[in-house]
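Student: Pasted the sequence and its predicted model underneath.
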Amino acid sequence: MPHHQSQSTLQRRRTTMAPAAVLDAAEEFFTRRNAVYTAFLERRGDGHAVFRGQGGEEIAVGAQVRDGATEVTGSSYMFDAQVARFLSTLPVAPAPAAPAEGGVATPQATPQATPQATPQAAP
């Protein structure tokens, strides 16, 4: 029997919010604003929060400062739509400028909340 959790996705978003504010927003969103899919805060650290939802499903949200903005990641097996909805509520930060030829920085496209499939383990 294959391990189904290996099919979970990792979603990302860059935001202008501070990491602590992102985690506060995640706590508000998952514990109060998501009526049918309410989750309970299981634990919270400086850069992450873990929630438990229906059937013990885990929702993990991480936030850390990187390249002048806060990089937010969210992951869940069953609540991917809710994670994407939460990420869409965060103000978008522009992507960091990448050096171009000749050493001149050029802005990158602004990333959106995009599911990224994680590698699947062999059965």
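Tutor: Structure received. Residues are numbered from 1 along each chain as shown.

Student: Now do the SS call for residue 95.
Tutor: coil (DSSP: H, G, I helix; E, B strand; the rest coil).

Student: quick one, phi psi at it?
Tutor: Main-chain torsions, residue 95, degrees, to the nearest 10: phi -70, psi 150.

Student: wait, isn't it in contact with residue 15?
Tutor: No - judged on CB atoms under 8 Å, residue 95 makes no contact with residue 15 at a distance of 11.9 Å. (C-beta placed from N, C-alpha, C; glycine too.)

Student: the more surrounded of the two?
Tutor: Set residue 95 next to residue 15 and count neighbours by other CB atoms under 10 Å: residue 15 wins out with 20 against 14.

Student: Leaving out sequence neighbours, find the closest residue to that one.
Tutor: residue 90 (4.2 Å; CB to CB, 6 or more residues apart in numbering).

Student: Look up the pLDDT of the one you found for me, please.
Tutor: Residue 90 is assigned 98 on the pLDDT scale.

Student: In contact with it, which residues?
Tutor: Shown in contact with residue 90 (CB atoms under 8 Å, 6 or more residues apart in numbering): 13, 15, 17, 22, 25, 72.

Student: That one: what secondary structure?
Tutor: Three-state assignment for residue 90 (three-state DSSP): coil.

Student: Could you measure from it over to residue 71?
Tutor: 11 Å (CB to CB, to the nearest Å).

Student: Ok, residue 60 next?
Tutor: Counting by CB to CB, the separation of residue 60 from residue 71 is 14 Å.

Student: which stretches of this protein have low pLDDT?
Tutor: Under the criterion pLDDT under 70, the flagged ranges of the chain are 1-8, 34, 99-123.
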